[in-house]
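*Asks:* The following comprises the amino acid sequence and a computationally predicted model.
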Amino acid sequence: MRNDVRDRRTAADLSQSELGAALGVSRQTINSIENGRYLPSLPLAISIARHFDTTVEDVFHPDGKEQ
Amino acid sequence: MTSHTILGGHRRLATAIFLSAGGGVAAATWISGAHGWAIGIAAAYLVLAAITYLWSGRSGDIAAVLRAGGDERQRGLDRDALALSAQATTVVAVVGAIVQIARTGDPGVYGLLCAVSGLTYAGGLLALRLRR
């Protein structure tokens, strides 16, 4: 599953540590999510989407294709 | 702004576990009469506890697990590592029981380990399936 977390984070001029602190997770977890090594839980995915003022479907792409 | 996320947990937890375990092993070794070994074991566990305490103050994955804290991914790492450890222990217990039965006809302590492993797994499965 691909995601746009890195693109949205850099567009918002946030470091991985800053995004992690805002979401209550570690920098390492943000890094793992961005690299596709870790699939976040539904609550965390929703928190990520809300942080970027968008929807989960806009951030995470189950079919591996960006919309 | 640079921030370091240290997510909860108890920094003294793993340290206390090492100190308790080391104290117990060292005391048992002392009682057995091997005083030199007992002092060596106590010193080794003290060093291990000190390293654990210092490491658990960091912000990485291992530190979070040592604090029994961290976020969902770090707790998942802890669970998976624990499951791997349990599987390895069970394999050793089963192989040990088979070897012991072949040698003496009695599985000995390996049999107890197999029983505990099997019963806790079955009990855990029955209890946990009710929660999800």
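*Replies:* Perfect, I can see it now.
*Asks:* Indicate the residue of chain B located nearest to chain A.
*Replies:* Across chain B, no residue is closer to chain A than residue B:71, which sits at 3.9 Å (Cβ to the nearest Cβ). Where C-beta positions appear, they are placed from N, C-alpha and C, glycine not excepted.
*Asks:* Can you give the contact residues for the helix or strand harbouring residue B:123?
*Replies:* Assigned by DSSP states H and E, residue B:123 belongs to helix B:109-128. Applying Cβ atoms under 8 Å, 6 or more residues apart in numbering or on different chains, the external contacts of helix B:109-128 come out as B:86, B:89, B:90, B:93, B:94, B:96, B:97, B:99, B:100, B:107.
*Asks:* May I see the PyMOL selection of the buried members of those residues?
*Replies:* Those of these that count as buried under 16 or more other Cβ atoms under 10 Å in any protein chain shown are selected in PyMOL with:
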select buried, chain B and resi 90+93+94+96+97+100+107
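*Asks:* In helices, which of the contacts of helix B:109-128 appear?
*Replies:* If you go by DSSP state H, these have B:86, B:89, B:90, B:93, B:94, B:96, B:97, B:99, B:100 in helices.
*Asks:* Need the pLDDT of the last one.
*Replies:* Among the per-residue scores, residue B:100 holds a pLDDT of 96.
*Asks:* how much space between it and residue B:89?
*Replies:* Residue B:100 is 16 Å from residue B:89, where distance means Cβ to Cβ, to the nearest Å.
*Asks:* Now do the SS call for the residue of chain A at minimum distance from chain B.
*Replies:* Closest residue of chain A to chain B, Cβ to the nearest Cβ: residue A:25 (3.9 Å). Judged by DSSP: H, G, I helix; E, B strand; the rest coil, the three-state class of residue A:25 is coil.
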